[in-house]
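Novice: What follows is a predicted structure for the sequence shown.
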Amino acid sequence: MAKTVEEDKQQKAFGWAATDPSGTLSPFYFSRRENGDEDVTLKILYCGVCHSDLHILKNDWGFTSYPIVPGHEIVGVATKVGKNVTKFKVGDRVGVGVLVGSCKTCECCQQDLENYCPRLIFTYNSHNPDGTKNYGGYSDMIVVDQRYVLLFPDNLPLDAGAPLLCAGITVYSPMKYYGMTEAGKHLGVAGLGGLGHVAVKIAKAFGLKVTVISSSAQKESEAIDRLGADSFLVSSDPAKIKSAIGSMDYIIDTVSAAHPLLPLLSLLKVNGKLVTLGLPNKPLELPVFPLVSGRKLVGGSDFGGMKETQEMLEFCAKHNIAADIELIRIDEINTAMERLAKSDVRYRFVIDVANSLSQ
Ligand SMILES: [Zn+2]
Ligand SMILES: [Zn+2]
């Protein structure tokens, strides 16, 4: 049968997808749009495995549209650039993070806060205005509007740098916005996973004193010796928590399970700020007394806009910051997801796409 014009405008793609809420991934053939005038086509080399990927695979948030190819920590090399593309050329090392589109005209887009655009288009589990579906980075290639493509600095490793595109910007953006970057101030990082371990490294680069607050006592030596934290608090040890009351200027709370905020708020000094980044599936209880009596602030933050994401990549390159990763083959992804569900990863899985994804 003759191909339609529309079929001719497609590029063949191959990845791993889940087709139902079991979340099990398996090989999947699909297509991407042909490279348009504003587009960059990437050959994908590496893709980080974010906790959101797991939630979407399992339909934990109730809005998964199967089949789903996850992945929004994508690093690769540009193989095609459209005629209007000015920022990139073929052969550049490039990245794609959590979003691939937005309206470009609203107040948020005009302020480089595309991540808060009401018409933001996520990298996967989303549709474009023309109705076509977006698939993520557990695949061989992707086509993205140049506005949502990042230049990967030369000295940033492609594999360990990939998680910066979600985990990195998600901790960097609130630190900048809420003014949590003053050298010498004391930051608590609650939860030592994908986000938390990058938060420790970025905070140390800003010159902060960093205390990791974790439910797991076994992470102490790792937090201090490997990641460079200054001290460690076990959240289940009331005596240790008590000794640290009123000692912190800021807290980044990366815990995604439902948890009490009161012990964390008690660690803050007067005027202290706590930013929550996890997305617990139940509302957290907000104790107002300690907020009022200590003029404390509780805020939230999503990932970040394109300009700030580029700035974060350059900051990380300058300070030699990357994620601590376990590099896996694509055919190890289902086992990796089982381990991720148990938080059994140090600290991010990254898929070696180019060397393991074969048809
Ligand atoms: Zn993510
Ligand atoms: Zn917008």
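Specialist: Great, that's in hand. Residues are numbered from 1 along each chain as shown. Ligands and ions are numbered 1, 2, ... in the order given.
Novice: In this structure residue 220 contacts residue 232, no?
Specialist: Yes: using Cβ atoms under 8 Å, residue 220 is in contact with residue 232, at 4.4 Å. (Each C-beta comes from the backbone N, C-alpha and C, glycine too.)
Novice: Please enumerate the shared neighbours of the two.
Specialist: Residues touching both residue 220 and residue 232 comprise residue 214, with contact defined as Cβ atoms under 8 Å, 6 or more residues apart in numbering.
Novice: what about residue 175, how many neighbours?
Specialist: When neighbours are defined as other Cβ atoms under 10 Å, residue 175 has 21 of them.
Novice: ditto for residue 317
Specialist: So residue 317, with other Cβ under 10 Å, has 18 neighbours.
Novice: Equivalent analysis for residue 344, please.
Specialist: 10.
Novice: ok, the residue in the stretch 101-250 of the chain that ligand 1 sits nearest to to residue 24 distance?
Specialist: Nearest to ligand 1 in the stretch 101-250 of the chain, going by Cβ to the ion, is residue 166, at a distance of 3.2 Å. Using Cβ to Cβ, to the nearest Å, residue 166 is found at 23 Å from residue 24.
Novice: Could you check which of these two is surrounded by more residues?
Specialist: Counting neighbours by other Cβ under 10 Å for residue 166 and for residue 24 shows that residue 166 has the greater number, 27 against 14.
Novice: my guess is that one meets residue 309, correct?
Specialist: No: counting by Cβ under 8 Å, residue 166 does not reach residue 309; the two are 9.6 Å apart.
Novice: Can you pull the residues that touch both of these two?
Specialist: 97, 303.
Novice: How many residues are close by whichever residue of the stretch 251-359 of the chain sits closest to ligand 2?
Specialist: Nearest to ligand 2, among the residues of the stretch 251-359 of the chain, is residue 305, at 10.3 Å (Cβ to the ion). By other Cβ under 10 Å, the residues close to residue 305 number 22.
Novice: same question, residue 121
Specialist: Neighbours around residue 121, by other Cβ under 10 Å: 18.
Novice: How about residue 207?
Specialist: A count of neighbours around residue 207, defined by other Cβ under 10 Å, yields 11.
Novice: Quickly find the element holding it.
Specialist: Per DSSP states H and E: residue 207 is located in neither a helix nor a strand.
Novice: Run a quick check on it versus residue 183, I expect a contact.
Specialist: Yes: the pair residue 207 and residue 183 passes the contact test of Cβ under 8 Å, sitting 3.1 Å apart.
Novice: Up against ligand 2, what does the stretch 1-150 of the chain have?
Specialist: Counting by Cβ under 5 Å from the ion, the stretch 1-150 of the chain comes close to ligand 2 at 102, 103, 106, 109, 117.
Novice: Now the second one. Its backbone dihedrals?
Specialist: In terms of degrees, to the nearest 10, the main-chain angles of residue 103 are phi -80, psi -20.
Novice: for it, what are its contacts?
Specialist: Neighbouring residues of residue 103 by Cβ under 8 Å, 6+ apart: 109, 117, 118, 119.
Novice: Buried ones among the residues you listed?
Specialist: 109, 117 (16 or more other Cβ atoms under 10 Å).
Novice: Tabulate the contacts of residue 103 (JSON lines), appending secondary structure.
Specialist: What follows is the contacts of residue 103, written out as JSON lines (DSSP: H, G, I helix; E, B strand; the rest coil):
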{"residue": "109", "secondary structure": "helix"}
{"residue": "117", "secondary structure": "coil"}
{"residue": "118", "secondary structure": "coil"}
{"residue": "119", "secondary structure": "coil"}
